[in-house]
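>>> 3D, please:
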Amino acid sequence: MSARPYAVILAGGGGTRLWPLSSPERPKPFIPLVGGKTLLANTVDRLLPLIPYEDIYVLAVASQAALVRESLPSLPADQIVAEPIGRNTGPALALAAARIDRPADAPMLVLPADHAVLDAAAWRSALAAAIDITEREPAALVTLGVTPTRVATGFGYIVADGERVTRFTEKPDAETAQALIAAGARWNAGTFAWRRAALMSGLQRFAASTLAGLETYETVAPAPIDTLLMEPAAAAGLVRTLPLDCGWSDVGNWRELRAYLLANGAADPHGSITITTPSGKEVIIDASGAAQITRGGSVIRMNLVDASDAEIRAAAAAERGER
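Numbering: from 1, shown residues only. Model (predicted):
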């Protein structure tokens, strides 16, 4: 039996796709959505039956540490791991593995702070099953994959032979995504389990320069953990996968967010949803997706559900006075 598991929750992001709720100053994990709780706080709540509070760590850019404390006021300061500067998930997880002093054989769960699930018990069961793989295969790097519900081009896909991952495909076109789904590929949910020693060994083998650069973190090249570690590790036969079927959503755009809020009973009898942000904006989005965004005396009207990412970014830039 290995040492007791611990969890590292990745909090942060650029905060652009869910404008006007999120912003670079307050990204998605730190927005109160249901019952006044942030997505980060909800992630911790559903994790607690599996991992106790003292074994939960939050990784965030140093400038967002205050937002972590706001969401989780009871979290001890030494359970917040602060990146000096954002360098994407690869260097961030290398930093967490180096800084969090746990036994080499301790299973480490890695969880995004800004995802949502409808079935928390099924989510925890999948995490527990992933920990079990690290017990019987100490060198394994485990990634959980969501069974696709549609052809999506904005997600990465996990291609596997049984539990063994053979490759990853990042954000394919629609035709390729359809073929991947037909062949049994799953969405990459950015949810992982491995022993601390397995992560350090994998990074030393496939990303030695990242490990070597942690002391001068600002000079480390940014990279997602998928390309930095998981893709070469899969080619080397080290990656395993299990399904994550729990009503998962990355809540990555207004369509997904509205579906999440509807599932949690946030709409009025007419299907409208009202959200007030910590900065004082009020967003009212009706059943068609049309929104009224009010702050002070200014009012913006647009269909947030149908808007493209580019349109959302343009509206956010216009609000900030940028071209």
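
>>> centroid-nearest residue for the chain?
Nearest to the centroid of the C-alpha atoms of the chain, with distances taken as C-alpha atoms, centre = their mean, sits Pro112, at 2.7 Å.

>>> does that residue touch Thr191 like I think?
Yes - counting by C-beta atoms under 8 Å, Pro112 touches Thr191, with 6.9 Å between them. Backbone N, C-alpha and C define where each C-beta goes, glycine included.

>>> helices and strands of this structure: which one bottoms out on pLDDT?
Of all helical and strand segments in the chain, the minimum by mean pLDDT, DSSP states H and E falls on strand 32-34, at a mean of 81.

>>> partner strands of whichever helix or strand comes after it, with direction?
Next in sequence after strand 32-34, counting helices and strands by DSSP states H and E, comes strand 37-38. Strand pairing for strand 37-38, using DSSP bridges, gives strand 32-34 (antiparallel).

>>> buried residues, the partner strand. List them.
Residues 32-34 are the ones in strand 32-34 that count as buried (16 or more other C-beta atoms under 10 Å).

>>> counting by contacts, list what the top helix by length along the chain packs against.
Looking only at the chain and at elements set by DSSP state H, the helix with the highest residue count is helix 120-136. Judged by 3 or more C-beta pairs under 8 Å, 6 or more residues apart in numbering; DSSP states H and E, helix 120-136 is in contact with helix 39-47, strand 107-112, strand 141-146, strand 186-195, strand 239-243.

>>> what about the stretch 201-323 of the chain, any weak spots by pLDDT?
The stretch 201-323 of the chain contains residues with pLDDT under 70 at 322-323.

>>> related to what we said a few turns ago, not counting the least confident helix or strand of the chain itself, show me its contacts.
38-39, 42, 257, 260-261, 264, 266, 275, 278 (C-beta atoms under 8 Å, 6 or more residues apart in numbering).

>>> tell me how far Leu95 lies from Arg17.
Leu95 sits 25 Å away from Arg17 when distances are taken as C-beta to C-beta, to the nearest Å.

>>> oh, that last question was meant for Ala3, not what I typed.
Ala3 is 38 Å from Arg17, where distance means C-beta to C-beta.

>>> who's more crowded, the two?
More crowded of Ala3 and Arg17, by other C-beta atoms under 10 Å: Arg17, with 22 against 13.

>>> how much space separates the residue nearest to the more buried one when sequence neighbours are not counted from Arg99?
Leaving aside its chain neighbours, Arg17 sits nearest to Asn253 (5.6 Å; criterion: C-beta to C-beta, 6 or more residues apart in numbering). Using C-beta to C-beta, Asn253 is found at 33 Å from Arg99.

>>> any idea how far stretch 177-185 is from the chain center?
Mean-position distance between stretch 177-185 and its chain equals 23 Å (C-alpha atoms, centre = their mean, to the nearest Å).

>>> residues of that stretch that come out buried?
Buried residues in stretch 177-185, defined by neighbour count with 16+ other C-beta under 10 Å: 177, 180-181, 185.

>>> among these, which are in helices?
Mapping the buried residues of stretch 177-185 onto helices (DSSP H) picks out 177, 180-181.

>>> sorry, back to before: turn the buried residues of strand 32-34 into JSON lines, including distance to Asp173.
Shown next, in JSON lines, are the buried residues of strand 32-34 (distance: C-beta to C-beta, whole Å):
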{"residue": "Pro32", "distance to Asp173": "36"}
{"residue": "Leu33", "distance to Asp173": "32"}
{"residue": "Val34", "distance to Asp173": "34"}
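
>>> which one of these is nearest to Ala221?
Minimum distance to Ala221 across the buried residues of strand 32-34 is 33.8 Å, recorded for Leu33 (C-beta to C-beta).

>>> ok, which stretches of the chain are helices?
Under DSSP H, the chain gives helices at 39-47, 65-71, 89-99, 120-136, 174-182, 196-206, 208-212, 225, 231-235, 254-263, 309-319.

>>> deepest-packed of those, please.
Compared across the helices of the chain, helix 225 shows the largest average neighbour count, a mean of 25 (mean count of other C-beta atoms under 10 Å).
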